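Trainee: sharing a model prediction with you, sequence too.
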Amino acid sequence: MILLIPEAMTRSYRAPSRMEYQAECFSTLAHLLEPPDAAFVAHLAVATDPTLVTPRVAGHVALFAERLGDLSLEERQELFAETFAKVGLAEDRRCLVESLRNPGGSAPRAEVLASLTRLGDTLLRDRNPYHHLLVAARMLLGSW
């Protein structure tokens, strides 16, 4: 049996554009780079869905999620505080989050990429799980 959908019903539906998906990815990563809250796990689920973000971005966020999987909300908040308490890292993180929330905004691209590089180098050296989010952000910002 074939079910026909009336044309009037299909005219009102519009699939989200690539730009809308990309904006959602940027927003989700920005949220994950803020102090963890009750919505943190939901944002991880969005960012690890390869149908909503690119498979490579989803893979790096999944590595981050694995490393934080057994931590309670308080432990996640403590890890965040310890990670970004270092001198300079907090400002670089703020610059990156602002750029993810407003791609192409006021921060020059070179400044954003420099912040991302400084953060990434430090967190990779420390073997910090937030490094995986920075790799995902760099992939997204590379398309910006």
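Mentor: Thanks, I have the structure now. Every value quoted in this text rests on a predicted model; they were computed, and no experiment measured them.
Trainee: next, the contact list for residue 101, please.
Mentor: Contact partners of residue 101, counting by Cβ atoms under 8 Å, 6 or more residues apart in numbering, are 26-27, 30. C-beta here means a position set from N, CA and C on the backbone, and glycine is covered the same way.
Trainee: ditto for residue 136
Mentor: 29, 47, 53, 57, 60-61, 64.
Trainee: from those residues, which single one is nearest residue 96?
Mentor: Among the contacts of residue 136, residue 29 lies closest to residue 96 (Cβ to Cβ), at 9.0 Å.
Trainee: which residues touch residue 120?
Mentor: Residues in contact with residue 120 (Cβ under 8 Å, 6+ apart) are 131, 134-135, 138.
Trainee: circling back to that earlier point, which one in the contacts of residue 136 is the model shakiest on?
Mentor: Taking the contacts of residue 136 together, the minimum pLDDT is found at residue 53 (74).
Trainee: which strand or helix spans it?
Mentor: Assigned by DSSP states H and E, residue 53 belongs to no helix or strand.
Trainee: so it touches residue 25, yeah?
Mentor: Yes - using Cβ atoms under 8 Å, residue 53 is in contact with residue 25, at 4.8 Å.
Trainee: return every residue with contacts to both of these two.
Mentor: Shared contacts of residue 53 and residue 25 (Cβ under 8 Å, 6+ apart): 47, 140.
Trainee: returning to that earlier point: report the buried members of the contacts of residue 101.
Mentor: Among the contacts of residue 101, those buried by neighbour count (16 or more other Cβ atoms under 10 Å) are 26, 30.
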